[in-house]
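Peer 1: okay, predicted coordinates and the sequence, questions at the end:
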Amino acid sequence: MTKILITGGAGFIGSHVVRRFVNSYPKYEIVNLDKLTYAGNLANLADIEHLPNYKFIKGDIVDAIFLENLFAEGQFDAVIHLAAESHVDRSITNPLDFVMTNVVGTVNLLNAARKHWQDDFVNKRFYHVSTDEVYGSLGEDGMFTETTPYDPRSPYSASKASSDHFVRAYHETYGLNTVISNCSNNYGSFHFPEKLIPLAINNIKSNKPIPVYGKGENVRDWLWVEDHARAIDVIFHKAAPGTTYNIGGHNEWKNIDLIQLLCKIMDEKLDRVPGTSAKLITYVTDRAGHDLRYAIDSTKLQRELGWSPSLQFEEGLEKTVTWYLHNEEWLEGITSRDYQAYYNTQYNR
């Protein structure tokens with residue numbers, strides 16, 4: 001039996017990865033390690049928590065002694081590392097939190113893996129999940145490839161760039177079997193509503209203003225989270241040691257165009273007069289250092305490992321809206337915690 005430690009498995013992307021591995025590989029033992037911060041939620045995995053090949057452990061990757069004991073007891077064959085502070089706005093407010101989790105936490109995991117796998121690096125694997133934001137900002141043309149120089153612009157992206165460098169260094173210096181993937185913006189079910197799409201869905205449903213940074217002209221490539229989980233599955237099993245793959249959705253949208261489409265879908269789903277939800281759009285002070293455009297070229301992943309996105313954005317967005325409207329209890333449980341205090345601080349300026 002292959003025993004895999006998945007960090008951050010109670011979060012948005014992590015929960016989809018955990019679910020896919022638990023359901024797809026019943027002979028694997030999947031251990032979900034999560035600190036359960038504001039964005040970690042075990043309700044995301046309620047449908048699989050009873051399965052015999054799944055186990056949850058609460059813990060913090062910043063605690064090196066905890067990780068040492070966990071690896072000694074767990075005897076893991078692989079790590080899929082998703083645990084991270086990931087919201088740019090929060091990184092601007094509290095950059096040290098991102099340094100500790102994203103940099104120190106990653107190095108702690110690498111050290112634990114190196115110590116406990118030193119007799120058999122070949123048959124072990126450390127998979128580090130990263131972001132396209134490490135590449136910086138694009139103009140109107142071009143796309144990020146795996147050889148694009150790093151140019152992080154926010155404390156969040158700087159911390160992820162640093163963690164990427166450490167993962168590569170442990171492969172080159174110690175021979176650790178590592179792989180890295182850098183993904184574009186994810187969307188889908190179980191997404192914490194501080195991010196653009198779930199925040200807008202929640203506000204439209206409640207007839208609250210939809211905050212849009214600046215003029216809404218920033219461009220992002222959007223990747224359906226289940227396609228991302230499928231890509232992680234393929235890369236984990238097929239990628240050569242020391243390789244990197246970009247994962248993109250081939251769906252570039254200006255923020256304001258995305259919001260307009262979302263308003264249209266919400267009007268249809270809520271049986272509102274067309275144009276009703278769009279009246280909620282409210283422009284707010286732009287984010288400091290806001291990157292203009294991200295775009296991922298995932299040609300390498302498609303060519304070498306055969307992965308490609310399964311959904312175009314319009315279809316995926318409608319699926320996402322439907323999920324949130326059918327899971328109001330989950331959304332209310334999330335927004336009833338410290339979410340409102342954060343929201344008021346961030347947008348009521």
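Peer 2: Alright, I've got the coordinates.
Peer 1: quick one: the strands in the stretch 201-349 of the chain?
Peer 2: Applying DSSP state E, counting those that start in this stretch to the stretch 201-349 of the chain gives strands spanning 210-213, 219-224, 243-247, 252-254, 281-284.
Peer 1: can you add mean pLDDT, distance to residue 233 and mean neighbour count and give the ones you listed back as CSV?
Peer 2: For glycine as for every other residue, the C-beta is placed from the backbone atoms N, C-alpha and C. Below are these laid out as CSV (pLDDT from 0 to 100; distance: least, C-beta to C-beta, whole Å; neighbours: other C-beta atoms under 10 Å):
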stretch, mean pLDDT, distance to residue 233, mean neighbour count
strand 210-213, 93, 33, 21
strand 219-224, 94, 14, 24
strand 243-247, 98, 11, 22
strand 252-254, 93, 25, 18
strand 281-284, 94, 37, 15
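Peer 1: among these, which comes closest to residue 187?
Peer 2: With C-beta to C-beta, the closest approach to residue 187 among those belongs to strand 219-224: 5.6 Å.
Peer 1: low-confidence stretches in this protein?
Peer 2: Residue ranges of the chain with pLDDT under 70: 1, 336-349.
Peer 1: so where does residue 89 fall, helix or strand?
Peer 2: Per DSSP states H and E, residue 89 falls inside helix 88-93.
Peer 1: pretty sure residue 23 is in contact with residue 53, am I right?
Peer 2: No. Between residue 23 and residue 53 there is no contact under C-beta atoms under 8 Å: 9.4 Å.
Peer 1: settle it for me: which of those two has more neighbours?
Peer 2: residue 53 (18 against 14; other C-beta atoms under 10 Å).
Peer 1: dump the strands of the stretch 201-349 of the chain to TSV, plus distance to residue 296.
Peer 2: Below are the strands of the stretch 201-349 of the chain laid out as TSV (distance: least, C-beta to C-beta, whole Å):
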stretch	distance to residue 296
strand 210-213	21
strand 219-224	5
strand 243-247	5
strand 252-254	9
strand 281-284	27
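Peer 1: nearest spatial neighbour of residue 213, skipping sequence neighbours?
Peer 2: residue 286 (4.9 Å; C-beta to C-beta, 6 or more residues apart in numbering).
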